Each structure stands twice: as structure tokens, then as C-alpha cells.
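# The sequence and its predicted three-dimensional model are supplied below.
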Amino acid sequence: MIAEAGLAALWLAAALAAVQVLVAALGLRPRADADALRAAVRPVAIVQGALALGAMLLLILLFLRSDMSVALVVANSHSAKPWLYKFAGAWGNHEGSMLLWVTILGLAGGAVARFERRLDPHTLTATLGAQATIALGFYAFLLFASNPFARVEPAPADGAGLNPLLQDPGLAFHPPTLYAGYVGLSVACSFAVGALLTGQVGRDFARAMRPWVLGAWIFLTLGITAGSYWAYYELGWGGWWFWDPVENASLMPWLAATALLHSVTVLATRDGLRAWTVMLAVVAFSMSMLGTFLVRSGILTSVHAFAVDPTRGTFILVLLAVYIGGALLLFGLRVGTVRQGRLFEPVSREGGLVANNLLLTVILGIVLIGTLYPLVAAGFGVQLSVGPPFFDKAAGPVALLLVALMAIGPLLRWRRDSVQALVVRATWPIAATVFAFAALIVFAMPIGVLPLLGLSLAAGLAVASVAPLWGRNLRRTPIFTWGMVVAHLGIAVSLAGMACDAAFTAERLIALRPGDATRVGPWRVTLDGLSPVVAENWSAVQARLTATRGDRFRELFPQSRSFTTPPTTTSESAIATVADGQLYTVLGQPDGTGRWQVRLWWKPFVTLIWGGGALVALGGLISLVGRVLPRRRAVTEPDW
Amino acid sequence: MTAKTQRMLLVALALGAVALAALLALSALKDQAAFFYAPSDVARRAPPLDRAVRLGGMVAAGSVRRAADGVTVHFTVTDGRATTPVTYAGIVPDLFREKSGVVAEGRFKPDGGFVATNLLAKHDERYMPPQVAGAMHETKTLAQ
């Protein structure tokens, strides 16, 4: 019954989405009875979101109960799995993850209907109509091509189990967070479409849209950061970012959303960049949909590609073409009605933010081309792959330029500024950069050019990011200024971590007999011995490593795990975190003569990467609080 | 400056940024894209020795040998028609095994051997990298 109820909830939600589109369209006509129709859109959107959530909860219930009469549970779960992976396993597969996608889409629309009070009622109606239009396509995809509630007859005794790489607490956190960000951007797109339809692109529109963009961006930042750390410790390759197309699929919406976040500020504060902001909102969600296509169509080799089914790929591709094409067409048709925003001087905060947007666009373009190029080449019968060397070489320098701009941008004043005054304000950040550069040249060479510049600029950016607080009454500083300071500081911290990892990582690959020792970086690591470990659904060989460094002492227990359902082995890395970095250990296979392969990395300050990511998200959260809370005191828009 | 010129200037800048991105990306792609080879491709078109490429196929049965250092493995990749010897120093992926699909990233040596810096094995029991699946499928089709 649960599966049927879930399917019914999904059909009802889809029907309500259709009603929502219709009512919104009728409510936008200039007629006397349109007010009542517009008022009806809000509750419809809320109920639609609730129904989608209901379907998701029912699917989770099916997984928790290990209901083996449901095809999806059979294919992806097993009764002996720990409950956390039954729960999170509900979205550890194609159908379930698409249902989660649609659920968040419905909930985001419901949240806009429930909480949005600032937006013009006509634009809100159009926004909710646009949101339901998007939802409708994805409901169709679920119901016709990816039904999560299909039954199997006869029901087998037990299921096939979940991919062991996914059996990790990260599965409970990373996909929902990332999706909240990914799909949350649909709201920005719907706002843009709504405002294009009603011609209400202006400061009020930007102020209403900004918290929603911020919210999605916070989730996206957290999701990417969490995903990066998960890949880092789960894959056992010692890397934190692989320029895998699936990672790029989450990075591209983030780049677009970051650009949008800054351009919407120009629109809200200075009423400039109107058409550009609307365009970015459309592009940001287009990137989310493109990512969904890349990840869910099975076109890519990835742990995220759960099943290869060409019909699904085609379905998503058609949805993608219809929605992105439709939104761009609407933009093309209606951009003429967007009145010219206010003018601004090139040397001003607005000018700096335009440069920020241009550089983010360049990086987005590079990542996009690098990600799609193999697919296009495959279309011409050429098989190739594009990996880290390309992205580092093409995007790295532009990213560093962007960091330099990030340092000076917040020092610029709105409206008009002078270069001389800017140089005076930027004295300390420039000094910090030069000092760090010189210190690295003297003490740390040889390191690569990118890490060298990265560390120097990180030092400058760290100083520059707190500069907006200098000489201010901190108690009277607006909350959102604190948010910007924290977020920019987070980028500096993260960049420092990336550069340290690239420049100072020490690696050792060796076969050790129990009792043998080796060195990596400042650590001396001894393989004490190996012992078997058994858990609910796996057994493992566990190594006991003792790491010593001066008088410091750590024990690590990397494992080589064998899962029974499906029969697979995975290696579980063991990581010792100390104040100045991480010792990362992986146990390999026995070599047949009594030795075991061990791979060790000493990664100085690598934790800064994710700590910085968390700071960036925290900065976003602080800004969001500052934007949403009623103003306690009269605050003018900050001068800088 | 009038409103219109500024708007045009911004549009030009945006287009310029996109063009710059495309230019940067395409020029870097020329040097950095890693082409995919199956063992039988090697005979047909000589692989470049100076850049990273990918080699895909099946790990030939009985071909996996470990070197004395305990961390280097030698094995042969086959696509049914030709074979290529591969050397890899590192921990092989969990799903690396004989008669199973593999994609090796690395460089060809002048003697026709391949030095892998990274191995990608199929992700789970049900799953095979599309490139390997493609190479295998082609082989099967030709064999029939």
C-alpha cells in the first residue's frame, strides 16, 4: 500500500503542478476576477510541495522497511544494511535521487508561496507559474521514465544491496544539501522568468530575489564542500578535487550563482545590471539542469551514474532543451521591456562587481567547455577525456586573477571612486601579498607557480577581506557586511589550503611487512600488524599503523573491506588530523610474500580547504540573516 | 557616456569574456585532452609519446604480475584483437581484477608498453565504464 500511496501522491502533485500553471496563467490576465485566481496559486504551490515531500517520505519508509516487493528497494537495498544506509539509500539510486530533486523543487516553490511577501503579487504569480512549469516536466520524467514505486512480482527474498562506496554517513548529508542548492536555484530562474513576464525587473525585484539566491548558494557551497571531503576520504586517492565531470556539474551552478549573488547586489543597491542579472538567474539554473543531465543520464563514467539507460538520457536532454531554450527565448523576446538600469563609473564598487561577473563567466565558460568537449568529441567518434592538467592550466590563472580582484573589490566605494584612494586603502593587502611572496621565495622554494601565487594572494585576500571593518564602529556594522567579510575570508583560507596541499604534500607508496617502518614528511610510520574486523554487512582486514613525530604519537586503522551484497571490496582510508595538517593512510593488497601495500600522504594544512568552504557558507548564512531580519536600526546601504 | 553606449559596452565585455573563455579553453584543450586508445588502435595509429592518454580494455586472464618491490604491477590489457603491456606503481583499484574492464591513464613508451599513473576499474558489479563497454562491444561485433 505504501508504494501505491507514494505513486498516488506523485500523480496528485503533478496534477497540482498543472493546476498551478493554469491558475497562474489565468491569474495574470487583466481581468476583474484575476485577484482571486492569483490568491489561489499560493496554497496550490504549498500543497504541491507537501505532496512531493509525502512521496519522498513514503519512499524512505519503503527503504527503512526493506519492502522487497518494490523494484527500487530490491535493486538498491538489502535487509542486512545498517538503518542509516537504508534511510539515505532511498536517494542513493537514480529514481530515488530524481524524486529527491523533484521534492526539493516542490518544497522550494512551496516555500516561496508561503514566505515571499516583498515581491509584487503579479510577479509572484508568474514566478510560481514558472516554478510549476519546471516541476511539471520533472514529474513527467519520474512518472513515465523513472518510477521509484514500481513493484516486482514475485518479490525476491532479499535485495542486491547498495554500492559500498555510497555506504558512508556522507550519503545522508551530501546529496540533500547539494540538491537543495542545485534545485534551490530554480527559484532564482522562476523569479527571473516571472519578472520578465510582468516587466518588473528592478530594485524591489532584486531585494526579494536576493535571500532566495543566497539560500540556494549556501546549500550549494556546503554541498560541494561536503562532497569534496567525502571524495577525499572515501576514494582513497588522496585528492580533494578531481575535475570529474560530476564535480564540474556542481561547480558550474556555483560559479553562476556566485556571479548572480554579486550582480543582484548591484541591482538591489544601485539599480544597475538589470538584464544581466535576469540572464544570470536563467543561466544558473540552466547549469543545474545541465548538471542533472550529465549526472543522471548515465552519459558519464562516475559513481554518481547509477544506471545507463539511453531513454532517460534523451528524456532529460529534451527537458533541458525545452526549459533552457524556452527561458532564453523568453529572455530574448522580453529583454527589450527591461528598462536601462542606472549608469555607473568604471572605477567604483559596481565596476568591480562587473569585473567579478566577467571573470566568473570566463571560468564558467572554461569549465563548461572542458566538461562538454569529450561528449562533443564522442559525437564525432573521437574518444578522449579532459582532466586536471587542462582545468589547472586554463582556469587556474583566471581564478587567481579573480582572487586578486576579490581583494580590492570590497575596498571600492559605490558610485565613484579614485584609483589613488584605492591604492592607499589597499596598502596593507598589497604589503601582505608581497611579504608572503618574498617569504615563500626565500624559505619554501621550489614550489609550483600556481601554489606560489595562490599562497601569496591568499595572504593578501585574508588581510583585504577584513579591511571593510577597519575604522568602523563594529557594533553598528551591518550584519550583511560581516557576512561578506567572513565569506571572503573563507575563500582566502580555502585557497591557502589548496595551495599548501599542492605545494607541500609528501607521498609514500611502499610494501611493508608487519614491524617495518617508513617515513613520510615529518612522520615515522610503523605497520604494527593486521587483524580481521567484522560488521553487519562487511568484513575487513584492518592494519594498525603507529605514526610518531617527535613526541607526538597517533594510531591509524586503515581497512580493506569486503562487502557481501553486492560482493565488492573497498579500501577505507584512515586519517589522523593534527593542527597543521592530515596524515592520510590507505591499506592496499598483500603482495603474496607477507608484505602489504601501504600508501601514505602527509598533507600540511589540507583541512583549511574545507574549513574555508564552511566559512564561505557561514558568511552566506550571516548575510542571509542580515537581509531577512527586520532592520533593528536605520542602516543605509554600506559605502564600503 | 549615454545609457545606450554603456549598455553596448557591457554587452561587448560579456561577449568578449565568453570569447576569451572559449579561446583559452580550446587552446589548452589542444595540448591537454587525453585521447582514448584501445590496444588494437595502437597498431592502426601510433600513439603520441609526449602526452597523457587513456588506454582501455580488459585485464587479460593470467597476466597480472607483481614486481619485487611489492607495489608495482605488470599486466596486459586486451580488447580481443590486440594487447598492450601495462606497468603501474600504486594500489590497484578495489575492482581491478583479471577478465574485468579497466581504463589506464598514463603514457606510452617507445617500445609500445604503457606506464599508467592511474587506473580506473568498473565501479561495481553491474557497471562498466562506457569507453570499455564501447571497445568490448566493437570487438564482439567484429568477431561475429
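Cool, the structure landed. Residues are numbered from 1 along each chain as shown, chains lettered A, B, ... in the order given.
# use CA for all of it now, contacts and neighbours both
Fine.
# any idea whether A:G588 is helix, strand or coil?
Following DSSP: H, G, I helix; E, B strand; the rest coil, A:G588 is assigned to strand.
# got a list of what the residue lying closest to it once chain neighbours are set aside touches?
Leaving aside its sequence neighbours, A:G588 sits nearest to A:Q597 (C-alpha to C-alpha, 6 or more residues apart in numbering or on different chains; 4.7 Å). Residues in contact with A:Q597 (C-alpha atoms under 8 Å, 6 or more residues apart in numbering or on different chains) are A:509-512, A:587-591, B:70-71, B:91.
# can you pull the contacts of the residue of chain A found nearest chain B?
Per C-alpha to the nearest C-alpha, A:L384 is where chain A lies closest to chain B, at 3.9 Å. Going by C-alpha under 8 Å, 6+ apart, A:L384 touches A:374, A:377-378, B:33-36, B:53-54.
# Keep only those of these that are in helices.
A:374, A:377-378 (DSSP state H).
# Among the residues you listed, name the buried ones.
Taking 16 or more other C-alpha atoms under 10 Å in any protein chain shown as the criterion, what is buried in those is A:P374.
# Can you narrow the ones in helices among the contacts of A:L384 down to the ones near chain B?
Checked against chain B using C-alpha under 8 Å from any C-alpha of the partner chain, these yield no neighbours at all.
# Just put the ones in helices among the contacts of A:L384 in TSV and tack on pLDDT.
Below are the ones in helices among the contacts of A:L384 laid out as TSV (pLDDT from 0 to 100):
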residue	pLDDT
A:P374	83
A:A377	82
A:A378	77
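# would you turn the ones in helices among the contacts of A:L384 into JSON lines with distance to A:A45?
Below are these laid out as JSON lines (distance: C-alpha to C-alpha, whole Å):
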{"residue": "A:P374", "distance to A:A45": "40"}
{"residue": "A:A377", "distance to A:A45": "42"}
{"residue": "A:A378", "distance to A:A45": "41"}
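# Of the ones in helices among the contacts of A:L384, just say which sits nearest to A:G448.
Taking C-alpha to C-alpha as the measure, A:G448 lies nearest A:P374 of the ones in helices among the contacts of A:L384, at 28.0 Å.
# chain center to the helix or strand where B:D41 lies: distance?
Under the criterion of DSSP states H and E, B:D41 resides in helix B:39-44. Centroid separation between helix B:39-44 and its chain, computed with C-alpha atoms, centre = their mean, to the nearest Å, is 14 Å.
# got it, and stretch B:48-64?
9 Å.
# tell me how far the ends of stretch B:103-117 are from each other?
End-to-end distance of stretch B:103-117 (C-alpha to C-alpha, to the nearest Å): 11 Å.
# what comes up buried for that stretch?
B:103-108, B:112, B:114-116.
# now swap in stretch B:66-84 and tell me
In stretch B:66-84, counting by 16+ other C-alpha under 10 Å, buried: B:66, B:70-80, B:83-84.
# can you list the domain ranges for chain B.
B:1-32, B:36-143 (automatic domain parsing).
# Select from those the stretch with the lowest mean pLDDT.
Among the domains of chain B, domain B:36-143 has the lowest mean pLDDT, at a mean of 76.
# next one: phi and psi at A:L143?
Torsion angles at A:L143 (phi, psi; degrees, to the nearest 10) stand at phi -70, psi -40.
# what about the residue in chain B that chain A sits nearest to, how many neighbours?
In chain B, the residue that lies nearest chain A is B:F35 (3.9 Å; C-alpha to the nearest C-alpha). Neighbour count for B:F35, taken as other C-alpha atoms under 10 Å in any protein chain shown: 19.
# Quick check, it in contact with A:A378.
No: B:F35 is beyond contact range of A:A378, at 10.7 Å (criterion: C-alpha atoms under 8 Å).
# Would you mind listing what in chain B touches chain A?
Looking at chain A, the residues of chain B close enough under C-alpha under 8 Å from any C-alpha are B:3-4, B:6-7, B:13-14, B:17-18, B:20-22, B:24-26, B:28-29, B:32-37, B:53-54, B:66, B:69-71, B:90-92, B:94-95, B:123-125, B:127, B:129-131.
# Is there a quick ChimeraX command that grabs whichever of these are buried?
The ChimeraX selection below is limited to those of those classed as buried (16+ other C-alpha under 10 Å):
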select /B:6,7,14,17,18,20,21,22,24,25,26,28,29,32,33,34,35,36,37,53,54,66,70,71,90,91,92,94,95,123,124,127,129,131
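# Please state the offset of the longest helix belonging to chain A from the chain centre?
Of all segments of type helix in chain A, defined using DSSP H, the longest is helix A:203-235. Chain-centre distance of helix A:203-235: 5 Å, with C-alpha atoms, centre = their mean.
# returning to what we had before: need phi/psi at the residue of chain A closest to chain B.
Residue torsions, per degrees, to the nearest 10, at A:L384 are phi -150, psi 170.
# Low-confidence ranges, chain A, go.
Counting by pLDDT under 70, chain A shows low-confidence ranges at A:298-310, A:565, A:630-640.
# Residues in a beta bridge with the residue of chain B closest to chain A, which ones?
A:L384 (DSSP bridges).
# My guess is A:L100 contacts A:W91. True?
Yes: using C-alpha under 8 Å, A:L100 is in contact with A:W91, at 6.7 Å.
# List the buried residues of the one helix or strand A:V367 maps to.
Per DSSP H and E, A:V367 falls inside helix A:349-379. Taking 16+ other C-alpha under 10 Å as the neighbour-count basis, helix A:349-379 is seen to contain the buried residues A:349-371, A:373-375.
# count of neighbours near residue 101?
Just so you know, I chose chain A. By other C-alpha under 10 Å, neighbour count at A:W101 equals 26.
# Actually, chain B is the one I wanted.
For B:G101, using other C-alpha under 10 Å, the count is 28.
# List phi and psi for B:N118.
The phi/psi pair for B:N118 (degrees, to the nearest 10) is phi -160, psi 140.
# quick one: secondary structure of the residue lying closest to it once chain neighbours are set aside?
Excluding the flanking residues, the one nearest B:N118 by C-alpha to C-alpha, 6+ apart is B:E105, at 5.1 Å. Counting by three-state DSSP, the backbone at B:E105 sits in strand.
# for B:E105, what are its contacts?
B:52-55, B:116-120.
# Could you give the bridge partners of it?
B:R54, B:N118.
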